[in-house]
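Colleague: Predicted model follows, preceded by the sequence.
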Amino acid sequence: MGDTSLPLTVGDSSLDEARPVSHSQQTMTHLASPQDGNLRGSVFGGVILALVDKIAYVCATRHADCPTVTASFDQVDFRSPIEIGEIVTLEASVNWVGRTSMEIGVRVMAESVTGGSPRHTNSCYVTMVAVDEVGKPQPVPKLVIEDEVQYRRYRDAVERREARLRLTEERRRRRQE
């Protein structure tokens, strides 16, 4: 990891408050039922995205200690289908914080209800924005990174954010031409 010592506090907020990643980490379990399914017997991707949005909301709102809204789904990778009758487990944590926004990483696992090895079915990165009672963005607490895994996730989130900003700038330039 180099010269970075842990714990490490990061964020662009004007708030002095900081919260560790562990403060807002969430786990949710869902039984894939027939109403979640498509005609092929697997779960609709939209059902999984709705679950991801819900757990990202809880994670972000817990970190921010105020309501949050979904700004974007930056990346969604579906690796394998989830079958009706399987247990779906979602795990979420704050990877990065800015002034008013946060990147929430969500990992989705599925396994047979009778046991067996869980398999990683997809991952998502969701940007959530903290809002006040009238819906205006508000500052979020800084993030305390406690271990190497959290630090790697933070670095990866910074790289994703920088790539998004470059793409946005490139699109802006193209529109002006």
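Modeller: Structure received.

Colleague: Tell me, how many residues neighbour the nearest residue to Gln138 once chain neighbours are set aside?
Modeller: Nearest non-adjacent residue to Gln138, counting by Cβ to Cβ, 6 or more residues apart in numbering: Asp132, 4.7 Å away. C-beta coordinates here come from the backbone N, C-alpha and C atoms, glycine included. Here the number of neighbours of Asp132 (other Cβ atoms under 10 Å) works out to 10.

Colleague: Was I right to think Asp132 contacts Thr68?
Modeller: No - contact criterion Cβ atoms under 8 Å: Asp132 and Thr68 do not qualify, at 11.0 Å.

Colleague: quick one: the helices in this protein?
Modeller: In the chain, the helices defined using DSSP state H lie at 21-24, 45-64, 148-176.

Colleague: elements contacting the last one?
Modeller: Of the remaining helices and strands, those touching helix 148-176 by 3 or more Cβ pairs under 8 Å, 6 or more residues apart in numbering; DSSP states H and E are strand 68-78, strand 87-97, strand 101-111, strand 142-145.

Colleague: what comes up buried for it?
Modeller: Applying a neighbour-count criterion of 16 or more other Cβ atoms under 10 Å, one finds 150-151, 153-154, 157, 160-161 buried in helix 148-176.

Colleague: chain center to it, what's the gap?
Modeller: The chain centre lies 15 Å from the centre of helix 148-176; the measure is Cα atoms, centre = their mean, to the nearest Å.

Colleague: The first one now?
Modeller: If you compare the mean C-alpha spot of helix 21-24 with that of the full chain, they lie 13 Å apart, counting by Cα atoms, centre = their mean.

Colleague: Could I get the average pLDDT for it?
Modeller: Predicted confidence along helix 21-24 averages 97 (mean pLDDT).

Colleague: Including distance to Glu111, could the helices of the chain go into a markdown table?
Modeller: Putting the helices of the chain into a markdown table (distance: least, Cβ to Cβ, whole Å) gives the following:
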| stretch | distance to Glu111 |
| --- | --- |
| helix 21-24 | 24 |
| helix 45-64 | 15 |
| helix 148-176 | 22 |
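
Colleague: among those, which is nearest Pro34?
Modeller: The closest approach between Pro34 and any of those, judged by Cβ to Cβ, belongs to helix 45-64 at 11.5 Å.

Colleague: Give the other helices and strands that the closest one contacts.
Modeller: In this structure, helix 45-64 packs against helix 21-24, strand 26-31, strand 68-78, strand 87-97, strand 101-111, strand 119-130, with contacts taken as 3+ Cβ pairs under 8 Å, 6+ apart.

Colleague: Great, nothing more from me.
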